[in-house]
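S.K.: heads up, no residue letters with this:
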């Protein structure tokens, strides 16, 4: 069976699990946690939640449920309430809303901001809805809160990255591989060191995951073959072997068992066994094609990124050259103006000198 170079394995999983910054994985994320306020109608709370989503996305931060650790929530207080007479009467409410970003696990606050807003409606629900609708997601205080929180979240990951990875390996020891991968995948790309450590840990854990699953399936296949060393047993064993990941380290043992079963199956049973063997070969071929397709996807994505980077570098170079030429022209103009001003000053100095000599000459002539 075709072996796959280790570097390609590294590139594949680095692409799949960490280059997903094209989606939400790997991006810094702050969730929205709707306030638990029974005095505010559900419809109005939904309006507030929508505004909170807008506050987050306006700042350029991912707003998704992938990373549930950090959340934006709020508390709402009614500071003033009036009934405006008329036909019909309306309700006017002034609200004070305290927004804050918190760490849901450690119960630590990362940023806060308080704003006031007013809403008027035919009833309290509509007044709440209007008040929440009047919130401006780009409000400088709200955006500063998000930016301050972002800096603290980055600091959290930089400080705790080794502990996060260590906790993931505790899950690995318990064979909770998927939870371990999820825990590491929640770390955003906040710095090169964090990203590099997470990539290495992810590839290592994923390899351990498929190795453990492969060994378990291989044991089941061997048991099936040992229990019935014939075409039926071989067919049953093959059904386990086909599920073993192409990248599992036990592939050489899988191939050896397949070869052993092929050699021992009797001639009159070959037809049924050959069918199972073909099923196995087809499944592995599909897996190989899928793998190569994912590798090509990664290569294509890398090529696009490199092309985009080249375009950015070229644009920056053009901007630099334009700025440099502009500076040179402005500098030349300034130097010319300075030189001209010096000539003017020199002419003035000559005139002053000539006038002084002329006056001095007239004075001496008069004395004579």
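M.R.: Nice, I can see it. Bear in mind the structure is a predicted one, so any value in this text is a computation, not a measurement. Numbering: from 1, shown residues only.
S.K.: so where do the helices sit in the stretch 151-300 of the chain?
M.R.: All helices of the stretch 151-300 of the chain, identified by DSSP state H, counting those that start in this stretch, fall at 177-185, 192-227, 231-241, 251-264, 270-367.
S.K.: Of the ones you listed, which stretch is the most buried?
M.R.: helix 231-241 (a mean of 22; mean count of other Cβ atoms under 10 Å). To be clear about C-beta, it is placed using only N, CA and C from the backbone, and glycine gets the same treatment.
S.K.: quick one: that helix to chain centroid distance?
M.R.: Taking Cα atoms, centre = their mean, to the nearest Å, the mean C-alpha location of helix 231-241 is offset from the chain mean by 44 Å.
S.K.: ok and it relative to helix 192-227, angle-wise?
M.R.: 170 degrees (axes from the mean of the first three to the mean of the last three Cα atoms, to 10 degrees).
S.K.: Just send the helices of the stretch 151-300 of the chain back as JSON lines, with mean pLDDT too.
M.R.: Listed next are the helices of the stretch 151-300 of the chain as JSON lines, based on pLDDT from 0 to 100:
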{"stretch": "helix 177-185", "mean pLDDT": "88"}
{"stretch": "helix 192-227", "mean pLDDT": "92"}
{"stretch": "helix 231-241", "mean pLDDT": "89"}
{"stretch": "helix 251-264", "mean pLDDT": "90"}
{"stretch": "helix 270-367", "mean pLDDT": "69"}
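S.K.: out of these, which comes closest to residue 162?
M.R.: Taking Cβ to Cβ, helix 192-227 is the member of the helices of the stretch 151-300 of the chain nearest to residue 162, at 7.6 Å.
S.K.: Quick one: work out the angle between the closest one and helix 177-185.
M.R.: Using the same axes, to 10 degrees: helix 192-227 against helix 177-185 is 170 degrees.
S.K.: sorry, back to before: turn the helices of the stretch 151-300 of the chain into CSV, columns for distance to residue 45.
M.R.: Below are the helices of the stretch 151-300 of the chain laid out as CSV (distance: least, Cβ to Cβ, whole Å):
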stretch, distance to residue 45
helix 177-185, 29
helix 192-227, 36
helix 231-241, 51
helix 251-264, 54
helix 270-367, 40
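S.K.: Surely residue 54 and residue 137 touch.
M.R.: Yes. The pair residue 54 and residue 137 passes the contact test of Cβ atoms under 8 Å, sitting 4.0 Å apart.
S.K.: Show me the strands in the stretch 51-200 of the chain, by range?
M.R.: Counting by DSSP state E, counting those that start in this stretch, the stretch 51-200 of the chain has strands at residues 70-84, 90-103, 108-121.
S.K.: Output those strands as JSON lines; include the columns mean neighbour count, mean pLDDT and distance to residue 133.
M.R.: Output for the strands of the stretch 51-200 of the chain, formatted as JSON lines (neighbours: other Cβ atoms under 10 Å; pLDDT from 0 to 100; distance: least, Cβ to Cβ, whole Å):
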{"stretch": "strand 70-84", "mean neighbour count": "16", "mean pLDDT": "92", "distance to residue 133": "14"}
{"stretch": "strand 90-103", "mean neighbour count": "19", "mean pLDDT": "93", "distance to residue 133": "12"}
{"stretch": "strand 108-121", "mean neighbour count": "17", "mean pLDDT": "93", "distance to residue 133": "8"}
